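Sharing a model prediction with you, sequence too.
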Amino acid sequence: MASMRRPASLASILPEPRSRSLIVGKTGSGKSTVGYVLLDAYHTRYPDHPVVVFDPGGGFTPVSGETGGLFPDGVGARLHGRVESVAIRARSVQHPPVVFQSGSVTLIQDVGVFLQTLEAMWKQADWSKPILTFLDEVLPVHSNARLDYRVKRLIQMGRKHGLGLIGCSQRPKSIEPILISESDRLYVGTLYHVYDREAMSKNCTIADSKRLMIPMPMKEFWLIRQDEPAKSVRFRLNLRKTA
Ligand SMILES: Nc1ncnc2c1ncn2[C@@H]1O[C@H](COP(=O)(O)OP(=O)(O)OP(=O)(O)O)[C@@H](O)[C@H]1O
Ligand SMILES: [Mg+2]
């Protein structure tokens, strides 16, 4: 379909504040990379909005004692032509933030701290001051009842409180289906198992969900917009060192 081939800029694939987005794809398909590129572009576009990154797997490499980052030296992410530089840095915390500072990017790697942060976030929730949460892997959340409950609440009721979410998953078949159905945007990369592709197409409300059944090349993603399907695009980031 022609609209799927339309050139896209990073801005055009960005999540909106207060929205839910889900990035899926098998191990190594580039989910975290897409996620962090989106986060960086989001942070540049909405510099006042606090961002909370929960990364229990340690994908964020420590840059210095207190700072974590991915692409600390900077890489360029090219999407159909334009190169946009990406350099993510986050302040790593061992205690939940007391207030969510405007423009802060907070990195949390401890489950307990993340739980307390989700509570604090909920208490301070204010529609006019959106907070974006990034979850690098959603699946383990379901095996922790307290975390599972809070993340589901964030998915179902966060929007009206100004709380947005970007989640990544390599097994869409095993995650909570509302995570798929409630996402405004689905970034769908290579899915090896047909069950995973089925889980996506079953829980998607787009007209052409059958196309999710076609295997994707590695590092390529569909951006499926459930809100505006005509604006769905297919993209691949070309990473290059800028420093
Ligand atoms: N568009 C791209 N072009 C070239 N290399 C890429 C691209 N996207 C990701 N990579 C590289 O591929 C590797 C895997 O990417 P990434 O960690 O983002 O995958 P992932 O889906 O998050 O994997 P996992 O499931 O293990 O978390 C990394 O070394 C990353 O730098
Ligand atoms: Mg990853």
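Structure's in. What do you need? Ligands and ions are numbered 1, 2, ... in the order given.

Stretch 158-175: end-to-end distance?
Terminal residues of stretch 158-175 are spaced 18 Å apart (CA to CA, to the nearest Å).

in it, what counts as buried?
Going by neighbour count (16 or more other CB atoms under 10 Å), the buried part of stretch 158-175 is 158-159, 161-173, 175. Quick note: C-beta positions are derived from backbone N, CA and C, even for glycine.

Stretch 45-58 too?
Buried residues in stretch 45-58, defined by neighbour count with 16+ other CB under 10 Å: Tyr46, His49, Pro50, Val51, Val52, Val53, Phe54, Asp55, Pro56.

Check stretch 184-203 too.
By neighbour count on 16+ other CB under 10 Å, the buried set for stretch 184-203 is 184-191, 196-201, 203.

correct me, but Phe114 touches Arg146?
No - between Phe114 and Arg146 there is no contact under CB atoms under 8 Å: 10.2 Å.

next helix or strand past the worst-scoring helix or strand of the chain on mean pLDDT?
In the chain, no helix or strand scores lower on mean pLDDT, DSSP states H and E than strand 61-62, which sits at a mean of 71. Using DSSP states H and E, the next helix or strand after strand 61-62 towards the C-terminus is strand 67-79.

What is the three-state secondary structure of the residue most central in space within the chain?
A centroid search over the chain (CA atoms, centre = their mean) returns Ile166, at 3.0 Å, as the residue closest to the centre. Here Ile166 is strand, with the state taken from DSSP: H, G, I helix; E, B strand; the rest coil.

Quickly list what it is bridged to.
Under DSSP bridges, the beta-bridge partners of Ile166 are Ser21, Phe134.

can you pull the contacts of it?
Counting by CB atoms under 8 Å, 6 or more residues apart in numbering, Ile166 touches Pro15, Arg20, Ser21, Leu22, Ile23, Gly35, Leu38, Leu39, Leu132, Thr133, Phe134, Leu135.

make it 6 Å
By CB atoms under 6 Å, 6 or more residues apart in numbering, Ile166 lies in contact with Ser21, Gly35, Phe134.

now do Ile175
Ile175 neighbours (CB under 6 Å, 6+ apart): Val138, Leu139, Ser169.

If we only consider the buried residues of stretch 158-175, which is nearest to ligand 1?
The closest of the buried residues of stretch 158-175 to ligand 1 turns out to be Gln170 (CB to the nearest ligand atom; 4.8 Å).

quick revisit: which one's more surrounded, Phe114 and Arg146?
Phe114 (24 against 13; other CB atoms under 10 Å).
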